[in-house]
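K.L.:
Next come a sequence and a model predicted from it.
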Amino acid sequence: MKHVDIYTDGSCRKNPGPGGWGAILVYGKHELTLSGGEENTTNNRMELLSVISALERLKEPCEVTLTSDSQYVIHGLSRGWAAAWRARGWKKGDGTAALNPDLWERLLTLAEPHTIRCVWVRGHAGHPYNERCDAMAQAESGKYL
């Protein structure tokens, strides 16, 4: 299997409000940057869309190292939270509705063919790829101001 490193970040001003996301895929010496945004969204939706958009670019099953500063995304995948929410009809353990089921469903489906290792990094702490993704996310959210 090919190994791909994926770095992601999402941003939202006023949460909810104008948001953006950025993603970088690294395969060997090749690098692909992706970004986008929405006029009225939340930070967590942008975090999820960054990962979704990156995984949509993979054409075959890969070993993926996903690096993000979003504990929501990292724990949702690595600790099986999102899979459990889906199994309970998009309900959390306490019976309340899980947020963003539309995006989690897309993400879980896209993740299925891959082997994904999740790595959490502290945001705004100097991680080069995280800083680049943050800059892209901020630029995208700024388009809606």
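P.N.:
Now that the structure is in, tell me what you want to look at. As the structure is a prediction and not an experimental result, all values here were calculated from the model.
K.L.:
distance of the most centrally placed residue in the chain from E39?
P.N.:
Computing the C-alpha centroid of the chain and ranking residues by Cα atoms, centre = their mean puts V51 first, at 3.1 Å. According to Cβ to Cβ, to the nearest Å, V51 and E39 sit 21 Å apart. For the C-beta atoms, the positions are set from N, CA and C on the backbone; glycine is no exception.
K.L.:
isn't the residue nearest to the centre of the chain right next to V64, touching?
P.N.:
No - assessed by Cβ atoms under 8 Å, V51 is found out of contact with V64, at 9.7 Å.
K.L.:
So what sits opposite the closest residue to S68 other than its chain neighbours in the bridge?
P.N.:
Excluding the flanking residues, the one nearest S68 by Cβ to Cβ, 6 or more residues apart in numbering is T8, at 4.9 Å. Taking DSSP bridges as the rule, T8 bridges to A23, S68.
K.L.:
Tell me the spacing between T8 and R88.
P.N.:
26 Å.
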